[in-house]
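*Asks:* this one's sequence-less:
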């Protein structure tokens, strides 16, 4: 059972950190003036366009608690612009580290059952590819066919939040609920796939924002799937521009 935790945890982590590889490269309007003004405020709240554009790679470490199993495991996330992502999950009880990665074209992972590295199933690759392109989707949406729509405000815990819906080039939608005081995302909702490839409603609540090199990073996240709490993620360190090697993301 312990060896299945890496696959379960990885699927939920991908949802929280959050298409098929974007194929539509032509420019198109990303949203109305009113909508894009909100996107600009979100970008400014996260650290500003210049600062975010200057980040070429990111390494984040911390822990993830798998609520169902009452197990807390170390995690490390690597991301390199424009389209590379890797997640390492250490499972002491199984004596192994499970890797899930996307190199910009294909996904690969450590099979928790065998310990061997192999190409990912297509549904897992799609989720990693979507997350790998998240910075471009925010800063340069018109170049990859991403659009935004401003929706009516919704109350969360008695407070009206700004609702911003993102649609990727493949039609996948993610809804951001922004705190009206800070314009930082408090809740993110989307449809994603669980470890078996079945669609689930995923919600991520982001709190404990801290400033890192001029950016705002949520150090605490709660992940729900179909309304049931699946994970609690706590970051302990985030660093940028450490010149991550492309080989880190490549299947060997």
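*Replies:* Received it, and whenever you're ready, just let me know what you need. Source: prediction; values computed, not measured. Numbering: from 1, shown residues only.
*Asks:* which regions of the chain sit below the pLDDT cut-off?
*Replies:* Low-confidence segments of the chain (pLDDT under 70): 1-29, 194-197.
*Asks:* And the strands in it?
*Replies:* 57-66, 71-80, 84-91, 96-102, 107-110, 117-119, 147-156, 159-167, 173-178, 185-193, 199-212, 215-225, 228-240 (DSSP state E).
*Asks:* for these, which one sits closest to residue 128?
*Replies:* Of all the strands of the chain, it is strand 96-102 that lies closest to residue 128, at 3.8 Å by CB to CB. (C-beta placed from N, C-alpha, C; glycine too.)
*Asks:* In terms of secondary structure, what does that closest one contact?
*Replies:* On a contact count with 3 or more CB pairs under 8 Å, 6 or more residues apart in numbering; DSSP states H and E, strand 96-102 meets helix 2-16, strand 84-91, strand 107-110, helix 122-132.
*Asks:* so how far is that strand off the chain centroid?
*Replies:* 16 Å (CA atoms, centre = their mean, to the nearest Å).
*Asks:* and if you look at stretch 230-245?
*Replies:* Between the centre of stretch 230-245 and the centre of its chain there are 12 Å (CA atoms, centre = their mean).
*Asks:* Stretch 228-237 now?
*Replies:* Between the centre of stretch 228-237 and the centre of its host chain there is 13 Å, according to CA atoms, centre = their mean.
*Asks:* got a list of contacts for that stretch?
*Replies:* For stretch 228-237, the external contacting residues (CB atoms under 8 Å, 6 or more residues apart in numbering) are 9, 12-13, 16, 60-68, 75, 217-224.
*Asks:* ok, and for it, which residues are buried?
*Replies:* When neighbours are counted by 16 or more other CB atoms under 10 Å, the buried residues of stretch 228-237 are found to be 230-233, 235.
*Asks:* Same question for stretch 62-75.
*Replies:* 62, 64-67, 73, 75.
*Asks:* Quick check: the farthest pair among those residues?
*Replies:* Maximum distance among these (CB to CB): 15.9 Å, for 62 and 67.
*Asks:* wait, what's in contact with residue 224?
*Replies:* Applying CB under 8 Å, 6+ apart, the residues near residue 224 are 202-205, 230.
*Asks:* circling back: a markdown table for the buried residues of stretch 228-237, including distance to residue 181?
*Replies:* What follows is those, written out as a markdown table (distance: CB to CB, whole Å):
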| residue | distance to residue 181 |
| --- | --- |
| 230 | 28 |
| 231 | 27 |
| 232 | 24 |
| 233 | 23 |
| 235 | 22 |
